[in-house]
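Peer 1: Just the structure for this:
(chains A and B, ligands or ions: 1)
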Amino acid sequence: MDLKYSSEQDLLRDSAFGYLSSVYDYHARCRIVAGKEAIDRSIWAKFAELGWLALPIPEEDEGIGGDAVDLSVVMEALGSRLVVEPFLPTVVLGAGLIDLLATGEQRAILAEVAQGTAMLALAHQERGVPFGSPRVETRAERSGEGWSIRGAKILAIGAGLADHVLVPARISGAIDDAEGVGVFVVSRGTPGLELTEYPIADGRRAADLSIDIAGLSDSALLGGCENALPALEQVIDKAIAASCAYVVGGLDMLIRLTRDYTAGRSQFGKPLGRFQVVQHRLAEMQVKRIEARAAMQLAAIRCDGPRIERIRAISAAKVKVSEAARYIAHQAVQLHGGMGLTEELSVGTYLKHVLTFERLLGDTDDHLRRYAQLLADGRIDVRRGLVNEGAEA
Amino acid sequence: MNLDLTAEELAFRDRIRTFIEAALPEQIRNGAAVNVASAFEYDISHPWHEILRDAGMAAPGWPVEFGGTGWNDVEQYLWRMEHWRAGAPVISQLGMRLVAPTLLHFGTPEQKARFLPRILSGEDYWCQGFSEPGAGSDLAALSCAAVRDGDEYVVNGTKLWQTHAHFADWMILLVRTSSAGKPQQGITCLLVDMRSPGLSIKPIRTIGGDIEVNEVFLDDVRVPADQMIGAEGDGWSIAKHLLSVERASSGNAGGRLRSNMASLMRMLDRRENHVPDAFGERTLMAKIARRAIDVDIVEMLELQLLQSTLDDHAGGAGASVIKLRSSIVEQEINELSLEVVGPEVVRWNDHRPLHEVDAGQEELERLAIAPQYLNGRVRTIFGGATEVQLGIIEKALQASL
Ligand SMILES: Cc1cc2nc3c(=O)[nH]c(=O)nc-3n(C[C@H](O)[C@H](O)[C@H](O)COP(=O)(O)OP(=O)(O)OC[C@H]3O[C@@H](n4cnc5c(N)ncnc54)[C@H](O)[C@@H]3O)c2cc1C
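Peer 2: Purely as a prediction, here's the structure:
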């Protein structure tokens, strides 16, 4: 058992927080979000230089071969500044799925991601499909040597910037079958791929995809795999763990901002922070943050492990971090009073991110359902602790 | 980072599990399962204490020279986990977990030699004389007075809420020896023989129907000065140390909360008369999942505390966070247990201890749910009330960068 950061992770942490605090204050973020593409390419290049984009990519693919805990370190730093650059879609979802599925030359994309020359997005969400459902309506059919794909996707974060979009599509079976789904790499500009881009609540960009592609090459199907849903589930779990780390980074910031604001603002003849009700509110926020942080670390540790314990930790984290984040962000706005409602301060932007975090990648009910199902099926024994028990694990 | 046990730790865990399974009598396990007060009944914990003592495992955390096992932190953690998993009672709570660490830290060699072996053997059972009618959360306001008279202190005053004073041989007592300076300065810590002339107790019945706590009256009780821990006026720092030990050991989510969850799941399996419709079932399962998640996360906090990484993020208030959360989660599990059992949870039996009631174990476990819930309200009051912990956490937050 080891819950300490390694010395490399400590260094990574210092460098990540250090670099972002020098370039990414709230005003810098506002400027980037207001731009046409919502990205600062010089900062993206710096991410590549710092090795962040290569972090989870295997060494054989010119990456660094880091684990989910390494990733959580960078995500926490990114979240503390609400960085909008498409790190999650490119590095976690995109490169993550390619790593799990791709074979041979398909893997060359990983090196491009590591070097900062390719951005990716995953377009898995279809309208009206609940979290965790195997339903995929988008269809892929063999046509001659290649594939044709028809369907529609929504809410593909970062798709507007992506050089390649990963599109899960059903190759065989009924729309709800657990098997028969493959993931296709569709490059920007492919005829029949139409993107409608729009902002989401926290300032990032997403796109809806309308797909009617013919003559996609045979090699577009990742790993030739026609049973890709387990990999998709796994990479989405990784993305949830990473998103939790991102949110937790922001929570620390929110609490500091609120602590400092209530120390400086006086009403009724004394600083607000002298009222016990305010002190206890801050303490409640802190307790929830500390719990959220523990949940996020557990999720990171379990990310690469066996499925049941992975799901248990990931869903626990999504539930815990959502609840903590909503409470902390609400109270932060509350204790900033009217100022908390304005765009002049960053507090409200964190709330906007919490709003998007809660709604995407499965909401609290979805994850309670997933956890409860494991309990009901007897897959989780409540008596068993978190330490890995060898044979039983 | 990982949560993997080494091969040796796994072997240790297996050895402990096998030992407890074989050594724990069914009667004790059943009694522990229907224990409704906040401390384990003496007639349940004491026989188990004797079994552990004979096996050399009564005091895992103590130094080996005093009868400890020499286990490291992880091994002690596994020990506690397995203990709770098997449904064994906690032994000699106050003596083992509060008085002994205090003696080990502050006691003279003579005091250690005199008291520790008798705690270890189970010959002496202890209670804690801190709170008073006028001094609860604000412990420094205590007024029970001790005046030096030759080689003795003469103690007069009233203590309130002493758990198991009616079973105890000794009491660790906080008294006021001076009213000069700040209230914290004039406090002294004495060890008092419960059979001393002038000492009397009055039992108090709690809302769960238990005689667990007492009022303790001290009327010219004479205490030899060599039964003082530390020096006159050291009482506050001793008490603070002791309370921090108490706080740190209060959680044990890995064990205690899991055992509560396990009994809730047992109740769920046994439902006969109270099976909800599909909507009710799904809502209930969602609530159970929430509590199970809470337990996972409190345990993670404990593991972080064990590995000294929690305080990096809690500004030194990690143990307070754990106390606060584990007490609340336990209460929420209790509430949910009421819900799982359904309307029949209101059936009440007045007899205490409950394990003496002539009924099947399943019925006793059901009868225990309501009183456990009621008595369980104390979790957020004693050992530093929730509001007190929030105060500590907030101070740490203000002091952090
Ligand atoms: C079952 C049981 C067993 C016990 N065992 C022992 C024992 O063995 N030995 C012993 O010495 N004592 C024991 N106690 C006493 C226990 O430590 C006290 O009850 C506790 O310290 C709280 O004190 P109080 O009851 O006087 O509540 P008070 O101090 O009067 O507080 C009442 C409530 O006010 C709130 N509050 C308190 N302080 C603050 C604050 N600063 N800010 C905001 N709100 C606040 C809290 O909600 C608190 O619950 C026991 C109590 C019980 C019920």
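Peer 1: ok, how many other residues are close to residue 99?
Peer 2: I'll assume chain A. Using other Cβ atoms under 10 Å in any protein chain shown, A:D99 is surrounded by 19 other residues. Yep, even glycine has a C-beta here, placed from its N, CA and C like the rest.
Peer 1: if you could check chain B rather than the one you did, that'd help
Peer 2: 26.
Peer 1: Over to B:D220?
Peer 2: B:D220 - counted by other Cβ under 10 Å - has 12 other residues nearby.
Peer 1: isn't it right up against B:G198?
Peer 2: Yes: between B:D220 and B:G198 there is a contact under Cβ atoms under 8 Å: 4.8 Å.
Peer 1: what residues does stretch B:90-107 touch?
Peer 2: The contact list for stretch B:90-107, computed with Cβ atoms under 8 Å, 6 or more residues apart in numbering or on different chains, reads B:39-40, B:45-46, B:48-49, B:52, B:58-59, B:61-63, B:66, B:83, B:111-112, B:115-116, B:119, B:122, B:124-128, B:163-164, B:168, B:170, B:172, B:189, B:229-230, B:234, B:238, B:241-242, B:245-246, B:249.
Peer 1: which ones among these are found in helices?
Peer 2: B:45-46, B:48-49, B:52, B:83, B:111-112, B:115-116, B:119, B:238, B:241-242, B:245-246 (DSSP state H).
Peer 1: for those, which one is nearest the ligand?
Peer 2: B:E246 (9.6 Å; Cβ to the nearest ligand atom).
Peer 1: So for the closest one, what's the nearest residue that isn't a sequence neighbour?
Peer 2: Excluding the flanking residues, the one nearest B:E246 by Cβ to Cβ, 6 or more residues apart in numbering or on different chains is B:G383, at 5.5 Å.
Peer 1: would you say that neighbour is within a strand?
Peer 2: No: judged by DSSP: H, G, I helix; E, B strand; the rest coil, B:G383 forms no part of a strand; its state is coil.
Peer 1: Spell out which parts of the stretch 51-200 of chain A neighbour chain B.
Peer 2: Residues of the stretch 51-200 of chain A lying close to chain B by Cβ under 8 Å from any Cβ of the partner chain are A:V69.
Peer 1: Single out the residue in the stretch 51-200 of chain A that lies closest to the ligand.
Peer 2: For the stretch 51-200 of chain A, Cβ to the nearest ligand atom, closest residue to the ligand: A:S80, 31.6 Å.
Peer 1: At which residues are the helices of the stretch 301-401 of chain B located?
Peer 2: If DSSP state H, counting those that start in this stretch is used as the criterion, the helices of the stretch 301-401 of chain B fall at B:311-314, B:318-341, B:361-375, B:386-399.
Peer 1: name the helices or strands packed onto the first one?
Peer 2: Looking back up the chat, that one is helix B:311-314. helix A:276-302, helix B:318-341 (3 or more Cβ pairs under 8 Å, 6 or more residues apart in numbering or on different chains; DSSP states H and E).
Peer 1: Buried residues, the first one. List them.
Peer 2: Just to be clear, that refers to helix A:276-302. The neighbour-count check on helix A:276-302 (16 or more other Cβ atoms under 10 Å in any protein chain shown) flags A:278-302 as buried.
Peer 1: out of the residues you listed, who's near chain B?
Peer 2: Near chain B, by the rule Cβ under 8 Å from any Cβ, you find A:279-280, A:282-284, A:286-287, A:290-291, A:293-295, A:297-298, A:300-301 out of the buried residues of helix A:276-302.
Peer 1: Can you tell me how far A:H280 is from the ligand?
Peer 2: 8 Å (Cβ to the nearest ligand atom, to the nearest Å).
Peer 1: so where's chain A shaky on pLDDT?
Peer 2: Residue ranges of chain A with pLDDT under 70: A:390-393.
Peer 1: now do 90
Peer 2: A:143-145, A:383-385, A:388-393 (pLDDT under 90).
Peer 1: Quick one: the strands in it, in order.
Peer 2: Along chain A, counting by DSSP state E, strands occupy A:120-122, A:139-143, A:146-157, A:164-170, A:181-187, A:193-199, A:205-216, A:266-267, A:270-271.
Peer 1: For the stretch 301-401 of chain B, list the residues in contact with the ligand, please.
Peer 2: Residues of the stretch 301-401 of chain B lying close to the ligand by Cβ under 6 Å from any ligand atom are B:378, B:381-382, B:385, B:387-388, B:391.
Peer 1: What about residue 222, how many residues nearby?
Peer 2: In the absence of a named chain, chain A is used. Neighbour number of A:L222 under other Cβ under 10 Å is 23.
Peer 1: That was the other one, I meant chain B.
Peer 2: Applying other Cβ under 10 Å, we find 16 residues neighbouring B:R222.
Peer 1: Return the nearest residue of the stretch 1-150 of chain A with respect to chain B.
Peer 2: Nearest residue of the stretch 1-150 of chain A to chain B, counting by Cβ to the nearest Cβ: A:L3, 4.2 Å away.
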